[in-house]
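1. attaching a predicted model along with its sequence, questions to come.
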Amino acid sequence: MTNELYPGATPLELRAIYEIVTLAMDAPIAAKSGHTGTAMALAPLGVALFSRVLRHDPSDPTWADRDRFILSCGHASLLQYGLAHAFGYDVSEDDLRAFRQPHSRTPGHPEVGVTETVEVTTGPLGQGFANGVGMAMAERLLRTTYGEDLVNHRTWVIAGDGCLQEGISHEAAALAGHLGLDRLTVIYDDNHITIDGTTEISGHGDVAQRFASYGWNVIEAGENAHNVDAMEQVLRQSTTSSAPTLIIVRSHIGYPSKLMMDTREAHGSPFSAESVKGVKSLLGRDPEASLVFDDTLPNDAREYLHSRESDLHAWNARVQAAGERGRQFLAQLETGGVHVSESPQYYDEGTSVATRKAMQKVMDDAVSQSPGLIAGSADLTENTGVLLKGAAAMGAAHPDGRQVFYGIREFAMGAALVGMSLHGGVRAIGSTFFVFSDYVRPAIRLAALSEAPAVFVFTHDSIGVGEDGPTHQPIEHLMSLRAMPGLHVVRPSDANEAIDCARQALTGDNDFPISLILSRQDLPVLSGDAAQASRQGFHKGGYVARERENAVASIAATGSEVSVALAAADLLAQRGVEVRVVALPCWTCFDEQSRDYRESVLRRDLPSLSIEAGSTLGWYKYVDTPMGIDTFGMSAPASFIFDYFNITPQAVADTVENLEGVR
């Protein structure tokens, strides 16, 4: 084997590089879909990382103190799949041949939980970059809490031009620099190519100066993407910095293809037969063979990595030797390290309290006994109830800080929550006003797709925002998030129910993200039968807040409108009309209940109406007639706006009386 194409590579490393390069050409052709050039160009860099630098062990892919590797440019997934296979992880030759096929373990973009070595689900560019920031935040808190003998790993991210062009990278990079995340290295694949053409057609910024201004350590590695020794040198150099590091390496997409290198077609188009044969001949491989693998490579690579197993064994021994500290560490990895009092202090029945204030009450209860609790906001900490009183602000000077001031960076905050949640050992909470969930939405979607147990707190949940006007009044947002598979959208009926929901979100063994939707304005605290029904039924997502044997209709509601529905029921009772009131704080949870339970709550044999201060879209699933708001709001006092849009007990009562079958 010659190493003229890949200087410094050992014979074993050359075998891995050759296999990844040919896989990157063959698999997209077989699938009639996929991205070739980036995986080819980065094969030597990936091999240098996995072979020489990365702290990992294929015999235990999920051990807690492994380095985290994130391929932010997820379209180059064949690089990660090829590395996983070549270095002995459970990615078989058949898995590689099934690239992009139904139910394959090698989907088009990396998905956590599907393929070994994949830590986060990437694809939308820039998300993996910000996920890496979150993972580095979790690692540092755990390291500071339990010591370097138990936590001593790094986060490595490979990002491309698209990742750094996306706005999320600006937010996340500025945050990481401010926090001084010294165990984070991002490798920027500067290949000068996007789908439309060269990067020069759309921009000319100086990436090195940009990251230096954020407080990053910047290493310019030059045109050495193909040089294994050079890559090892800069990768190791990055580990000595007290700041996050950006390695800028100039690669040539499609290398070493003489026909496709440095072309935009090399990004997302399968290579021609001529170009594939040319590369295979250059590598000394059979130009006519496709998806043929070196059968002995994975075992040889595992033997080569055998010394990494001693790292794992030594770590296990240190955990055992740490005694109680080690046991607490393992317990926190299992639970997230959040604890709340067994007997919460509820608000008095009949008082009025904003549900966002309940969030702060839970934070106050948890802060002193929850070493894994990381909470923060996009510049709205006290407004949203996620202030950890007495906790230090996370930063370079306070690596043990659990209060995160994200600044006005909602998108980066959301993606960092996903990274922290998938890292493990912490429970991450982020918050902002509900209308700004639009800025967080891409990260929420990937949290749901990844089954990451992040907690998104959104307050100021309706037209109750009042004078701030339609720009700040969420209308379509509830239905938009409810439409997202795997996300639990929770809008509590009152402050006590908000306490119960927040406690469950913080301490539950969840494999899904949760969005808590909380009010700005004070709401009546439920009393009597409604309070008892809430306590017993909130976790089911729906319950009967008021039952009447002689009911002629049902009113369903969520959040602040549950009290409106109950008041409307009182008005109707005065008119001789008895109705039931149903609260549906979490549609996803409710839909998971048995059919018998759901039918007993909804009673669709009766005329039914819903009331919610937002879009009516979707309510026909539960009721006959939805009341809500299908236009934007207005700038006016909240009381005026609720009257204007008929979100009042009087308007609800009048509408119920006019339902067919009520009179």
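-> Structure's in. What do you need? What you see is a predicted model; the values in this text were computed from it and never measured.

2. mind listing the helices for the stretch 101-250 of the chain?
-> Taking DSSP state H, counting those that start in this stretch as the test, the helices found in the stretch 101-250 of the chain are 127-146, 161-165, 167-179, 207-213, 228-238.

3. name the stretch among these that sits most buried.
-> Of all these, helix 127-146 carries the top mean neighbour count, a mean of 27, counting by mean count of other Cβ atoms under 10 Å. (Glycine included, C-beta is placed from N, CA and C.)

4. can I get the helices of the stretch 101-250 of the chain in a markdown table including mean pLDDT and distance to I647?
-> Putting those into a markdown table (pLDDT from 0 to 100; distance: least, Cβ to Cβ, whole Å) gives the following:
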| stretch | mean pLDDT | distance to I647 |
| --- | --- | --- |
| helix 127-146 | 98 | 37 |
| helix 161-165 | 96 | 43 |
| helix 167-179 | 98 | 35 |
| helix 207-213 | 98 | 47 |
| helix 228-238 | 98 | 55 |
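
5. nearest approach to R604 belongs to which of those?
-> Within the helices of the stretch 101-250 of the chain, the stretch nearest R604 is helix 127-146; the backing value is 40.9 Å (Cβ to Cβ).

6. got the CA positions of stretch 547-561 in PDB?
-> Presented in PDB, the C-alpha positions along stretch 547-561 are these (Å, rounded to 0.1, in the frame of the first residue of the first chain):
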ATOM      1  CA  GLU A 547     -68.900  16.300  36.600                       C
ATOM      2  CA  ARG A 548     -72.700  16.500  36.500                       C
ATOM      3  CA  GLU A 549     -75.000  13.500  36.200                       C
ATOM      4  CA  ASN A 550     -77.700  15.600  34.500                       C
ATOM      5  CA  ALA A 551     -75.200  17.400  32.200                       C
ATOM      6  CA  VAL A 552     -76.500  18.400  28.700                       C
ATOM      7  CA  ALA A 553     -73.100  19.400  27.300                       C
ATOM      8  CA  SER A 554     -69.400  19.400  27.900                       C
ATOM      9  CA  ILE A 555     -66.900  22.300  27.800                       C
ATOM     10  CA  ALA A 556     -63.300  21.400  27.200                       C
ATOM     11  CA  ALA A 557     -60.400  23.800  27.900                       C
ATOM     12  CA  THR A 558     -56.700  24.100  28.700                       C
ATOM     13  CA  GLY A 559     -54.600  26.500  30.700                       C
ATOM     14  CA  SER A 560     -56.100  29.800  31.700                       C
ATOM     15  CA  GLU A 561     -59.300  28.900  29.900                       C
END
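
7. average pLDDT across stretch 410-428?
-> What stretch 410-428 shows for mean pLDDT is 98.

8. tell me where the stretch 351-500 of the chain has helices.
-> Using DSSP H, counting those that start in this stretch, helices in the stretch 351-500 of the chain cover 355-366, 381-384, 410-423, 437-450, 477-482, 495-507.

9. if you count neighbours, what's buried in stretch 299-309?
-> If you call a residue buried by 16 or more other Cβ atoms under 10 Å, then stretch 299-309 has these buried ones: D300, A301, R302, Y304, L305, R308.

10. from the chain's centroid, how far away is that stretch?
-> The chain centre lies 32 Å from the centre of stretch 299-309; the measure is Cα atoms, centre = their mean, to the nearest Å.

11. end to end, how far does it reach?
-> Its start and end residues considered, stretch 299-309 measures 14 Å (Cα to Cα, to the nearest Å).

12. try stretch 575-587
-> Using Cα to Cα, one end of stretch 575-587 lies 31 Å from the other.

13. stretch 338-352 now?
-> With Cα to Cα as the measure, stretch 338-352 spans 28 Å from end to end.

14. show residues contacting it.
-> 353, 358, 361-362, 365-366, 369-370, 372-373, 427, 495-496, 499-500, 503, 506-507, 522-528, 531 (Cβ atoms under 8 Å, 6 or more residues apart in numbering).

15. among the residues you listed, the buried ones, what's the ChimeraX command?
-> Buried members of these, defined by 16+ other Cβ under 10 Å, are picked up in ChimeraX with:
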select :353,358,361,362,365,366,370,372,373,427,495,496,499,500,503,506,507,523,524,525,526,531
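
16. where in the protein is pLDDT low?
-> Confidence mapping of the chain against pLDDT under 70 gives the ranges 1-2.

17. from the contact counts, what lies against the helix or strand hosting A545?
-> Per DSSP states H and E, A545 falls inside strand 543-546. Counting contacts by 3 or more Cβ pairs under 8 Å, 6 or more residues apart in numbering; DSSP states H and E, strand 543-546 packs against helix 528-537, helix 560-574, strand 579-583, helix 595-602.

18. to L184, which of those lies closest?
-> So among the helices and strands packed on strand 543-546, helix 560-574 is nearest, using Cβ to Cβ, at 41.4 Å.

19. give the buried residues for the closest one.
-> Per 16+ other Cβ under 10 Å, helix 560-574 contains these buried residues: S560, E561, V562, S563, V564, A565, L566, A567, A568, A569, L571, L572.

20. now tabulate the residues you listed in a markdown table and tack on distance to Q165.
-> Formatted as a markdown table, the buried residues of helix 560-574 follow (distance: Cβ to Cβ, whole Å):
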| residue | distance to Q165 |
| --- | --- |
| S560 | 41 |
| E561 | 42 |
| V562 | 45 |
| S563 | 47 |
| V564 | 46 |
| A565 | 48 |
| L566 | 51 |
| A567 | 52 |
| A568 | 52 |
| A569 | 54 |
| L571 | 57 |
| L572 | 57 |
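
21. K621: neighbouring residues, count only.
-> For K621, the count of nearby residues is 10 (other Cβ atoms under 10 Å).

22. can you check the one 3 residues further on too?
-> Around D624 there are 17 other residues, counting by other Cβ under 10 Å.

23. quick check, it in contact with P607.
-> Yes - under the criterion of Cβ atoms under 8 Å, D624 makes contact with P607 at 5.9 Å.

24. common neighbours of these two, please.
-> Common contact partners of D624 and P607 (Cβ under 8 Å, 6+ apart): L659.

25. that older thread, what strands line up against the helix or strand following the strand holding A545, and which way round?
-> For strand 543-546, the succeeding helix or strand toward the C-terminus, using DSSP H and E, is strand 553-557. Here strand 553-557 is paired, per DSSP bridges, with strand 579-583 (parallel), strand 608-611 (parallel).

26. quick check: closest non-adjacent residue to I555.
-> Take I555 and drop its neighbours on the chain: the residue closest to it by Cβ to Cβ, 6 or more residues apart in numbering is A565, 4.3 Å away.

27. residues contacting the one you found?
-> Residues near A565 by Cβ under 8 Å, 6+ apart: A545, I555, A556, A557, V581, I611, V652.

28. E148 versus that one, what's the distance?
-> 56 Å (Cβ to Cβ, to the nearest Å).

29. torsion angles phi and psi at the nearest residue in space to Y304 that is not next to it in sequence?
-> Among residues not flanking Y304 along the chain, L12 sits closest, at 5.7 Å (Cβ to Cβ, 6+ apart). Here the main-chain torsion angles of L12 (degrees, to the nearest 10) amount to phi -60, psi -40.
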